[in-house]
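# What follows is a protein structure lacking sequence information:
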């Protein structure tokens with residue numbers, strides 16, 4: 001029996017449908033989870049597509065303000081920071097070796113200890129700590145208690161009296177010898193006696209000088225024929241200045257036989273020398289013995305810069321000495337007010353390394369400068385020096401010259417871990433730009449020319465650290481650049 005064609009087609013379709021239903025049921029565990037995930041993601045994608053155009057428009061609307069690396073600064077903020085902008089330019093740069101150092105006194109020359117050569121009691125202290133004194137100025141008065149000095153003075157006074165007696169005898173004998181009533185031999189014997197007394201006088205004067213008296217004090221004793229009760233110790237290096245007239249008589253200015261005046265060149269040099277009283281170890285009523293320290297004077301007109309270079313840099317130090325390369329001294333302080341001294345040269349280098357730090361010490365002479373001389377309410381002059389022992393310093397030794405480099409002040413860059421940034425002006429905004437530093441020293445940084453910044457770009461030349469703090473505060477405030485848009 002032959003079935004109609006229509007029935008065959010329907011039967012084939014039914015068989016295929018049954019087979020498909022069976023296959024779908026068998027693989028349901030595999031395709032059903034995928035279908036559910038696709039259906040769940042479709043609404044989220046549709047929502048994203050709905051807002052895509054709005055976000056793009058918002059980005060265009062915000063412009064540069066939407067960049068998290070931009071920080072706006074008001075005119076008041078720029079004035080408070082003292083912000084300085086400058087263009088990026090190519091310039092020459094000298095690469096320096098930075099060596100730490102410190103200001104020190106010149107050993108044996110910058111410090112002067114005042115001691116006493118006689119035993120006595122301190123009667124009066126003329127100097128004050130911090131006072132500026134010149135050679136010849138009085139420091140303190142001492143009343144001697146030793147017998148040797150008193151005996152030496154008494155012997156000198158006895159010699160002076162004997163000289164007066166011999167002179168009087170010679171004056172009496174001279175007319176008698178001329179008249180022939182007294183033999184000339186008598187006068188000659190008195191003249192020999194006079195010369196012998198003059199020789200003894202010189203020896204006794206030298207003894208008093210050795211025991212601590214000054215030529216002025218000896219002159220005063222010779223003129224007035226009196227023992228000196230108080231002795232004044234003066235600043236060494238010049239002619240002592242006489243004390244005020246408290247005894248009711250004029251102080252002599254005659255230098256006794258055997259002494260010469262202070263040379264003019266010495267007086268001129270002493271006038272330019274000014275000490276500072278740094279420490280006073282005595283007080284009125286204190287008993288002192290020969291050799292005791294009375295006070296300390298400092299002479300800070302010329303100091304040393306002591307540099308400490310590592311052992312690996314010793315060759316560069318030696319080369320700097322041989323070629324007399326100029327050094328630059330950068331003293332600690334604010335960047336805008338830091339003291340800078342150029343054209344310095346190494347005077348000498350030690351021939352041994354420090355065993356503990358393995359560093360090589362070298363010394364650079366430094367001329368000191370007077371800031372001011374102020375007169376206090378007690379009438380004493382106090383001097384202030386610009387450079388002081390113990391002051392930190394960094395010595396810059398030139399080692400290489402570079403040409404056509406991007407050089408910026410050290411305050412123009414800020415570091416965050418391994419990253420370094422500068423701030424480029426973009427209208428009213430400052431844009432943080434990452435850069436690569438090729439070299440830096442305490443004053444400048446050299447940037448790599450890699451396209452991070454271009455010639456003519458306006459860069460913040462200072463206060464990069466403060467600007468970066470403002471940027472971090474802005475980023476950490478949680479402010480959404482798209483805040484105010486309702487979705």
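Noted; the coordinates are in hand. This structure is a prediction, so every number in the text was calculated from the model and none was measured. Numbers count the residues shown, from 1 in each chain.
# which residues of the stretch 1-150 of the chain fall in strands?
With DSSP state E, counting those that start in this stretch, the ranges of strands along the stretch 1-150 of the chain come out as 70-72, 85-87, 90-104, 111-115, 120-125, 132-133, 138-144.
# Nearest to residue 160 among these would be which one?
Smallest distance to residue 160 across those (CB to CB): 19.6 Å, for strand 138-144. Every residue, glycine included, has its C-beta placed from N, CA and C.
# hey, where'd the helices end up in this protein?
Secondary structure of the chain (DSSP state H): helices at 5-26, 28-62, 75-81, 147-179, 184-210, 215-224, 264-271, 314-323, 464-476.
# re the thing from before, and the strands of the stretch 1-150 of the chain as a markdown table, adding mean pLDDT, distance to residue 454 and mean neighbour count?
Shown next, in a markdown table, are these (pLDDT from 0 to 100; distance: least, CB to CB, whole Å; neighbours: other CB atoms under 10 Å):
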| stretch | mean pLDDT | distance to residue 454 | mean neighbour count |
| --- | --- | --- | --- |
| strand 70-72 | 89 | 18 | 18 |
| strand 85-87 | 93 | 10 | 13 |
| strand 90-104 | 92 | 11 | 16 |
| strand 111-115 | 90 | 57 | 16 |
| strand 120-125 | 93 | 70 | 16 |
| strand 132-133 | 93 | 57 | 20 |
| strand 138-144 | 90 | 68 | 20 |
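# Pretty sure residue 200 is one of the things residue 163 touches, is it not?
No. If you go by CB atoms under 8 Å, residue 163 and residue 200 don't touch, sitting 9.1 Å apart.
# Indicate which one of the strands of the stretch 1-150 of the chain is closest to residue 298.
Using CB to CB, the nearest of these to residue 298 is strand 111-115, at 6.1 Å.
# show me what contacts residue 326?
Counting by CB atoms under 8 Å, 6 or more residues apart in numbering, residue 326 touches 342-345, 398.
# The same query, at a cut-off of 10 Å, please.
Neighbouring residues of residue 326 by CB atoms under 10 Å, 6 or more residues apart in numbering: 320, 342-346, 396-398.
# and these as a markdown table, adding pLDDT?
Converted to a markdown table, the contacts of residue 326 look like this (pLDDT from 0 to 100):
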| residue | pLDDT |
| --- | --- |
| 320 | 91 |
| 342 | 91 |
| 343 | 93 |
| 344 | 95 |
| 345 | 95 |
| 346 | 95 |
| 396 | 93 |
| 397 | 93 |
| 398 | 91 |
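# Closest one to residue 423 out of those, please.
Using CB to CB, residue 396 is the member of these that lies nearest residue 423, at 26.5 Å.
# Any idea what that closest one is bridged to?
Counting by DSSP bridges, residue 396 forms beta bridges with residue 98, residue 328.
# wouldn't it be in contact with residue 98 here?
Yes. Residue 396 lies in contact with residue 98 (CB atoms under 10 Å); the separation is 6.1 Å.
# Now for the two: what residues contact both?
Taking CB under 10 Å, 6+ apart as the contact rule, the neighbours common to residue 396 and residue 98 are 330, 441-443.
# All good on my end, thank you.
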